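Undergrad: Please work out how this folds:
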Amino acid sequence: MTNDRKGALKKLKSLCFSSKSNLENFRNNLDSSFSSYFLPNGVEQSEYNYGGISCDVLAPEIYASNRVMLYIHGGSFVGGSRKSWRNFCASLASKCFCRVVVPEFRLAPENPYPASIDDIQSVFRALFTEEQVSCSLNATEGEKPLVPEIIIAADGSGASLVCAFLFNLRERYRKCIKNVVFFSPWLNVSPDSKILTTKRMSDELINGDVLRKSSMMYTETENTKLPFVSPIFATDEQLQGFPPVYIQMGAKEILLEDAKEFTNKLIESGNKCFLDVWENMMFMFQMADEFLHESHLALDRIGQIVTQNLAGLEEIKIENQPKLEHSLKSEA
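TA: Coordinates of the predicted model:
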């Protein structure tokens, strides 16, 4: 396969909202660029309601009955849908031998912070309960039921939503999450971000205008310094007992320095976090599989992580390795 970098960049540009973007056009372009009528590798798509939220359930032909991934899509806080992420998440389902649940959570600006996080909490509550019941019912008489393996995955702005959800998840439920997988996470959209304060700082797809405009549509400026919007500001207390994290991104991303800082914070708080950086790759290169050979290899590695656990990553070259929820508003 010969890489077509220009074709990849043209497609991936649809993921980035900026001051030049019209909201309706951005959403339509995103859907048209990434939606597909045919899912890969015999993956079957069905719709299910978890906690009042419509979700895709993507199931490969062979999957572990006790393993499920909850995937929170990016889209600059304002775009994206089950439809636009269906093909990508179907590939993940196939590689990870698990079902993947993709919720149609509410988007800004019509539903600003913390509406999307509330939706994720609702989905997780229902999914967690159902998985526990299913494992109990499927247990052979006299044998101990399987323990649900829940993986939380997200990309771009979706990583901010996942972190906010996890920061407010009680410890005993955090322990039930096997892994967290982030693709090119947005970790700092505050005015203090170097991406916003450094003149002409950009890569092939992301610049300060993208983060600034997207965050303005999502919430008030004063909220962008909250860990629930910019996870880079998380406290040690919020990071305690965080599930094992794997971050995959390209070496050419300006988001990389934030990812390094977040990785160090997690490790210093006693958690496992691995930052896997792909040479010469751009933001969300994994979603350009028809143009880039590395996209396929990257998802192969995700499959390895999910099926074998993070302990096996020591052999992989990694850069920088060294009620159910609390309320977002008031409850401690």
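Undergrad: quick one, what contacts residue 215?
TA: 77, 189-190, 221, 224, 229 (Cβ atoms under 8 Å, 6 or more residues apart in numbering). For every residue, glycine as well, the C-beta is placed using N, CA and C.
Undergrad: let me redo that: residue 12
TA: Residue 12 makes contact with 205, 282-285, 287-288 under the criterion Cβ under 8 Å, 6+ apart.
Undergrad: Then residue 8?
TA: 282, 285, 288, 291-292.
Undergrad: Most neighbours among those residues, which one?
TA: Most neighbours among the contacts of residue 8, by other Cβ atoms under 10 Å: residue 285, with 27 neighbours.
Undergrad: picking that back up, name the nearest of the contacts of residue 12 relative to residue 166.
TA: Ranked by distance to residue 166 (Cβ to Cβ), the contacts of residue 12 are led by residue 284 at 21.3 Å.
Undergrad: isn't residue 266 right next to residue 244, touching?
TA: No: the criterion here is Cβ atoms under 8 Å, and residue 266 misses it with residue 244 at 9.2 Å.
Undergrad: related to what we said a few turns ago, with the contacts of residue 8 in mind, which one is nearest to residue 150?
TA: Nearest to residue 150 among the contacts of residue 8, counting by Cβ to Cβ, is residue 285 at 26.3 Å.
Undergrad: and the gap between that closest one and residue 112?
TA: 30 Å (Cβ to Cβ, to the nearest Å).
Undergrad: and what of residue 280?
TA: 37 Å.
Undergrad: Compare these two (neighbour count), which wins?
TA: The neighbour comparison of residue 280 against residue 112 (other Cβ under 10 Å) goes to residue 112, with 17 against 12.
Undergrad: Which residue comes closest to the more buried one once chain neighbours are left out?
TA: Once flanking residues are discounted, residue 112 sits nearest to residue 219: 5.6 Å by Cβ to Cβ, 6 or more residues apart in numbering.
Undergrad: the more surrounded of residue 266 and residue 244?
TA: The neighbour comparison of residue 266 against residue 244 (other Cβ under 10 Å) goes to residue 266, with 23 against 19.
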